[in-house]
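Novice: okay, here's the prediction I keep looking at, along with the sequence it came from:
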Amino acid sequence: MSGASVMESTKALGKLELSPGLAAIGDSASMNKSGQQLLGPQDHAHLNGCVPLSHQVAGHKYGVKKVGILQHPDGTVLKQVQPPPRGPREMQFYSMVFAEDCSDPCLLDLQKHLPKYYGTWSSPDSPNELYLKLEDVTSRFNKPCIMDVKLGRRSYDPLASQEKREQQIRKYPLMEEIGFLILGMRVYDVRSETFNSYNQHYGRALAQDTVKDGLATFFENGVCLRRDAVRASICRVQHILNWFHSQHQLAFYASSLLFVYEGLPSSFTSSSRSSLLIGPSVGDAVVKTAHSVGSGSAGSWTGKQASRVQQQHRGGRFMGQQHLHGSHQSQEGRGHGGTGDAAVEVRMIDFAHVFPSDSLDHGYIYGLKHLLTVHIILTRDNELM
Ligand SMILES: Nc1ncnc2c1ncn2[C@@H]1O[C@H](COP(=O)(O)OP(=O)(O)OP(=O)(O)O)[C@@H](O)[C@H]1O
Ligand SMILES: [Mg+2]
């Protein structure tokens with residue numbers, strides 16, 4: 001894939017809606033979680049109205065002399081191309097998957113698991129600062145609850161120096177055993193009507209017997225566990241796992257899955273209340289999930305577990321049949337009014353370390369299977385309560 005084929009393609013964006021939360025973005029752009037100074041909108045005159053992404057949950061934050069993630073006024077996400085080799089590698093990956101003349105069924109199939117790619121962007125004032133222009137995966141949500149989960153058994157790529165390998169292993173020695181790591185999340189609390197945020201240190205403190213609590217924290221809204229969202233996530237992740245079983249050409253290191261669900265449950269509207277099962281109703285006692293279950297969350301995904309979950313879905317016990325078809329349906333659901341759709345997105349992001357391969361991506365598959373197992377354990381534990 002030549003660099004020349006990576007073209008500015010803003011034409012494709014004509015139909016994009018403005019992100020609902022956009023007006024508020026500037027207000028939060030002063031200090032990030034780690035106390036790093038961020039720029040306010042007044043400092044971004046040279047960025048043509050682009051501002052730091054307010055709902056970024058992990059990764060490099062935009063700031064003084066810092067590369068990071070921005071939001072364009074048209075609602076898209078701009079990810080600054082990182083210094084070589086990471087940035088060009090990621091750019092090449094996106095342009096390969098979304099190439100207009102792409103005819104590889106495997107890559108075409110992969111497109112639906114990624115944010116849409118709209119080419120590169122740069123501000124007229126700084127034409128040399130290149131950004132990847134991406135669909136904002138959260139844009140159709142009112143109160144997006146977002147979790148960034150790094151996948152795989154190792155976070156370093158085959159070209160990493162010994163020093164880099166050791167640094168990555170030190171950061172989370174359990175990566176090899178657990179196969180995934182929560183890098184950050186924000187969760188909507190329906191009682192206080194605010195978001196709670198968790199940074200990378202939260203995820204790194206999770207071990208084999210508590211990693212389930214991390215997921216529970218993401219799916220709890222202060223009143224109950226959002227079982228509808230857990231089950232919809234299982235379907236989405238299963239689709240991604242199916243893709244990984246179908247391909248032998250790419251290996252993903254230090255790549256993430258971005259989970260998003262609607263924090264404002266549609267069960268709060270009387271019309272759709274009965275169509276979503278989100279555990280106890282709002283008036284019920286708070287369901288304790290995160291700390292009330294024992295250990296034993298480890299284990300591997302089995303065909304039996306998969307078919308059990310699928311059967312439960314097919315039986316319509318948890319949600320309508322229309323929710324079973326992965327992200328096709330959810331992408332089409334832009335702007336829906338919350339009429340029974342367990343609105344969940346699970347997309348692959350962060351491709352700075354994608355390499356050609358000639359075998360299954362066993363590390364990523366291991367992480368996906370474990371992540372699915374933990375999701376399933378979560379739903380099971382809470383069925384008993
Ligand atoms: N397409 C997107 N839609 C919505 N949010 C996104 C999107 N891409 C990234 N983000 C937000 O930005 C965060 C960081 O993204 P990403 O992992 O791509 O960057 P990074 O980790 O800084 O990159 P790198 O590891 O290449 O330096 C994500 O956790 C997410 O919150
Ligand atoms: Mg990242």
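Specialist: Received the coordinates, thanks. Numbering: from 1, shown residues only. Ligands and ions are numbered 1, 2, ... in the order given.
Novice: right, and M96 touches L107 too?
Specialist: Yes - under the criterion of Cβ atoms under 8 Å, M96 makes contact with L107 at 6.8 Å. Bear in mind the C-beta positions are built from the backbone N, C-alpha and C, glycine included.
Novice: which of the two has more residues huddled nearby?
Specialist: Per other Cβ atoms under 10 Å, whichever of M96 and L107 has more neighbours is M96, with 19 against 16.
Novice: check for me that the more buried one belongs to a strand.
Specialist: No - read with DSSP: H, G, I helix; E, B strand; the rest coil, M96 is helix and lies in no strand.
Novice: tell me how far it lies from ligand 2.
Specialist: Applying Cβ to the ion, to the nearest Å, the value for M96 to ligand 2 is 19 Å.
Novice: can you give me the strands for the stretch 1-150 of the chain?
Specialist: Counting by DSSP state E, counting those that start in this stretch, the stretch 1-150 of the chain has strands at residues 51-52, 69-71, 77-80, 117-121, 131-134, 144-151.
Novice: take these and lay them out in a markdown table including distance to ligand 1, mean neighbour count and mean pLDDT.
Specialist: A markdown table is the format used below for the strands of the stretch 1-150 of the chain (distance: least, Cβ to the nearest ligand atom, whole Å; neighbours: other Cβ atoms under 10 Å; pLDDT from 0 to 100):
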| stretch | distance to ligand 1 | mean neighbour count | mean pLDDT |
| --- | --- | --- | --- |
| strand 51-52 | 10 | 25 | 93 |
| strand 69-71 | 4 | 23 | 95 |
| strand 77-80 | 4 | 24 | 96 |
| strand 117-121 | 9 | 22 | 97 |
| strand 131-134 | 4 | 24 | 98 |
| strand 144-151 | 3 | 25 | 98 |
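Novice: figure out which of those strands is closest to ligand 2.
Specialist: strand 144-151 (6.3 Å; Cβ to the ion).
Novice: C-terminal to that closest one, what's the next element?
Specialist: Remark: after strand 144-151, the chain's next helix or strand is helix 162-171, criterion DSSP states H and E.
Novice: does that following helix come close to ligand 1?
Specialist: No - Helix 162-171 does not reach ligand 1 (Cβ under 6 Å from any ligand atom); its nearest approach is 11.8 Å.
Novice: thought F259 was touching I146, still the case?
Specialist: Yes - judged on Cβ under 8 Å, I146 makes contact with F259 at a distance of 7.0 Å.
Novice: and for whatever residue of the stretch 1-150 of the chain ends up closest to ligand 2, the neighbour number?
Specialist: Taking Cβ to the ion as the measure, the stretch 1-150 of the chain has G59 as its residue closest to ligand 2, at 3.9 Å. A total of 17 residues lie near G59 under the criterion other Cβ under 10 Å.
Novice: which positions in this protein make contact with ligand 2?
Specialist: With Cβ under 5 Å from the ion as the criterion, the chain comes near ligand 2 at residues G59, D350.
Novice: max-length helix in the chain?
Specialist: Scanning the chain for the helix with the most residues, using DSSP state H, yields helix 362-383.
Novice: from F98, how far out is D104?
Specialist: 12 Å (Cβ to Cβ, to the nearest Å).
Novice: of these two, which one has the most company?
Specialist: Counted by other Cβ under 10 Å, D104 and F98 do not tie: F98 has more neighbours, with 20 against 13.
Novice: residue contacts, the closest residue in space to that one that isn't next to it in sequence?
Specialist: Of all residues beyond its chain neighbours, the one nearest F98 is Y117 (4.3 Å), with distances taken as Cβ to Cβ, 6 or more residues apart in numbering. Applying Cβ atoms under 8 Å, 6 or more residues apart in numbering, we find Y117 in contact with Y94, S95, V97, F98, L132, K133, L134, E135.
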